[in-house]
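# how would this look folded up:
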Amino acid sequence: MPLLDITTITDDQITQLREKFFKFEGEEDLDAESNVPTKYDLRDVEQFRSDDTTVRFFLSHGKLDIEEALKVVKGCFAWRKQFGVREIDFDAFPDHVKSSNGVSIHGTDKEGRRIIWMYMNRLKRTKNDVEIWSRYFVYHLEKLYQQRGDKRLIFVNDMTGIGITNFDYELTRFAVNLFENHYPDLLAFQVNFNMAWTLKTAWNIIKTWMTPEAISRVKFVKGDEVQQYVCSEFIPMHMGGEYKCC
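The predicted structure is shown next:
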């Protein structure tokens, strides 16, 4: 299914969704001053009130169905407050996480969309620290989300050196859930770079967590095939490009 051009979403559709959301029908625990449910972060609510682009992405995610989009807004905002998305402090991460360079934000694809890169072999995760690495990824994703303007993003997942014995199912499932439920219609597509053939079984499992539309947005490339989507000047040197990073 082709991506919806969010600029075609009308002012009337934006108004309809806003009015539905701000009725707060059936909500309990309203903040005494703002009259906004306490389960939402006021900064998210105010962004939804003032930024038409944010509303457009929710409508696009809901396929222009107002009720479906409303459900997505409520679920997304509740998750953001619970997860503490706007409170994540990079300096609070352990030193081994901060110095990992496991995620970077740089460059654009050939359509001018910004890119978030994840280097899976740098995420030296232990059994009990999935939340730390999850927050580390969200920290970078949120930064890019707030800068996205009216364009979707590209996610490049460098899987060089990852096999069946060191593939991270938990973190992968978390990332899938982010894009499916918490960052509305954010991805134009995802590029899996150098995915080993031994991970075919893993991919079959991952697909059960995704919608057919999300699956269709995943590209698999090896070596210089990534240059079909990203210019060499933005591809990290360790991936065969010219970009000096990390």
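# separation between the residue minimising distance to the centre of the chain and Ile205?
For the chain, the residue nearest the mean C-alpha position is Phe179 (4.5 Å; C-alpha atoms, centre = their mean). Phe179 sits 17 Å away from Ile205, going by C-beta to C-beta, to the nearest Å. Bear in mind the C-beta positions are built from the backbone N, C-alpha and C, glycine included.
# where do the strands of the chain begin and end?
Here the chain has its strands, by DSSP state E, at 103-108, 114-119, 153-158, 187-193, 218-221.
# and the longest one, how far out from the chain's middle?
Mean C-alpha position of strand 187-193 versus that of the full chain (C-alpha atoms, centre = their mean, to the nearest Å) differs by 11 Å.
# quick one, it and strand 153-158 angle?
Relative orientation of strand 187-193 versus strand 153-158 (axes from the mean of the first three to the mean of the last three C-alpha atoms, to 10 degrees): 10 degrees.
# packing partners of strand 187-193?
strand 153-158, strand 218-221 (3 or more C-beta pairs under 8 Å, 6 or more residues apart in numbering; DSSP states H and E).
# which other helices and strands contact the longest one?
Other elements packing on strand 153-158 under the criterion 3+ C-beta pairs under 8 Å, 6+ apart are strand 114-119, strand 187-193.
# of those strands, which stretch is the most buried?
With neighbours defined as mean count of other C-beta atoms under 10 Å, those peak in mean count at strand 114-119, which reaches a mean of 22.
# between strand 187-193 and that strand, find me the angle.
30 degrees.
# ok, back up a step: turn the strands of the chain into JSON lines, including mean pLDDT and distance to Asp89.
Formatted as JSON lines, the strands of the chain follow (pLDDT from 0 to 100; distance: least, C-beta to C-beta, whole Å):
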{"stretch": "strand 103-108", "mean pLDDT": "95", "distance to Asp89": "16"}
{"stretch": "strand 114-119", "mean pLDDT": "96", "distance to Asp89": "19"}
{"stretch": "strand 153-158", "mean pLDDT": "96", "distance to Asp89": "23"}
{"stretch": "strand 187-193", "mean pLDDT": "96", "distance to Asp89": "26"}
{"stretch": "strand 218-221", "mean pLDDT": "96", "distance to Asp89": "32"}
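# of those strands, which is nearest Thr8?
strand 187-193 (16.2 Å; C-beta to C-beta).
# correct me if wrong: Arg43 contacts Gly84.
No - using C-beta atoms under 8 Å as the test, Arg43 is too far from Gly84 to be in contact (11.9 Å).
# overlap of the contact sets of those two?
Here Arg43 and Gly84 have no joint contacts, going by C-beta atoms under 8 Å, 6 or more residues apart in numbering.
# mind checking pLDDT for the residue located most distally from the centre of the chain?
Distance from the centre of the chain peaks at Ala32, with 32.5 Å (C-alpha atoms, centre = their mean). On pLDDT, Ala32 comes in at 79.
# same deal with Glu25?
pLDDT, read off for Glu25, is 69.
# equivalent analysis for Met1, please.
60.
# next one: the one 4 residues further on
Among the per-residue scores, Asp5 holds a pLDDT of 91.
# give me the neighbour count for it.
Other residues near Asp5 come to 10 when the count uses other C-beta atoms under 10 Å.
# any idea how far the residue farthest from the centre of the chain is from Lys23?
18 Å.
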